[in-house]
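>>> Build me a model:
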Amino acid sequence: MLQIRPKINFWGNDTFQNPGATAFGMVPFINIPTVRNGVGSEHVEGGVAFPFAYKVSGNVDIGVMTQFEYIRNESGVGYHVEYVNSGLVSYQLNSQWTTYFEVYTRFGNESPHGGIVLVGGGLLYKLTDNMQLDFGVNFGVTRAADTVNPFVGLSRRF
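This next block holds a predicted model:
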């Protein structure tokens, strides 16, 4: 799957250094299927996210996000909306490493077990001012969630 996610900053992205600073934006996205082997959706899907951040101190940030996703129904006919919310606390260890703890929820999904709730944490490694590696693990709290989900990611700001 190829995901395209431009970020629109309403305020604060470039001035988020001092305690008390806030940042807010919108991230519309579209998922474009690239394979047809059962890994990921085989249909175009998309949505929009609204991230908000608050700088508590020089090393501590709090972030929350609400996201709406337009997802293809498992039956293959039509789409439905799923609602995602997350909150995190991060601590900058030094100029390159940051750690974080996160709570994540997803509702409106088609699981017979109900909504998904995860708790997790990880490390972010700043490669450059515009690129970082993410290492983490999420643990499922509800029956609909995967029990353990380790991940590695790469983010690039353009």
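>>> Put the alpha carbons of the helix or strand harbouring Gly63 into PDB.
In the assignment (DSSP states H and E), Gly63 maps to strand 60-72. This file holds the C-alpha atoms of strand 60-72, laid out as PDB (Å, rounded to 0.1, in the frame of the first residue of the first chain):
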ATOM      1  CA  VAL A  60       8.200  16.800  27.500                       C
ATOM      2  CA  ASP A  61       5.400  17.100  25.000                       C
ATOM      3  CA  ILE A  62       1.800  15.900  25.000                       C
ATOM      4  CA  GLY A  63      -0.100  15.100  21.900                       C
ATOM      5  CA  VAL A  64      -3.700  14.100  21.000                       C
ATOM      6  CA  MET A  65      -5.200  13.300  17.700                       C
ATOM      7  CA  THR A  66      -8.600  12.500  16.200                       C
ATOM      8  CA  GLN A  67      -8.900  10.800  12.900                       C
ATOM      9  CA  PHE A  68     -11.700   9.700  10.600                       C
ATOM     10  CA  GLU A  69     -11.100   6.900   8.100                       C
ATOM     11  CA  TYR A  70     -13.200   5.900   5.100                       C
ATOM     12  CA  ILE A  71     -12.700   2.100   5.000                       C
ATOM     13  CA  ARG A  72     -14.000  -0.500   2.500                       C
END
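>>> any idea of the mean pLDDT in it?
The pLDDT scores in strand 60-72 average 96.
>>> Which other helices and strands does it contact?
For strand 60-72, the packing partners by 3 or more Cβ pairs under 8 Å, 6 or more residues apart in numbering; DSSP states H and E come out as strand 45-55, strand 79-92. Every residue, glycine included, has its C-beta placed from N, CA and C.
>>> Just the pLDDT at Gly87, thanks.
For Gly87, pLDDT reads 98.
>>> Likewise for Gly38?
65.
>>> Could you count how many residues lie near the residue nearest to Val35 when sequence neighbours are not counted?
In space, not counting the residues next to it along the chain, Val35 is nearest to Met1; the distance is 7.6 Å by Cβ to Cβ, 6 or more residues apart in numbering. Met1 has 13 neighbours, counted by other Cβ atoms under 10 Å.
>>> With Pro51 instead?
Other residues within reach of Pro51, judged by other Cβ under 10 Å, total 18.
>>> What of Pro6?
By the measure other Cβ under 10 Å, the count of residues near Pro6 is 10.
>>> Let me know whether it touches Val27 as I believe.
Yes - with contact defined as Cβ atoms under 8 Å, Pro6 and Val27 form a contacting pair (7.2 Å).
>>> And the strands in this structure?
With DSSP state E as the criterion, the chain has strands at 2-4, 8-11, 22-32, 45-55, 60-72, 79-92, 97-107, 116-128, 131-140, 148-156.
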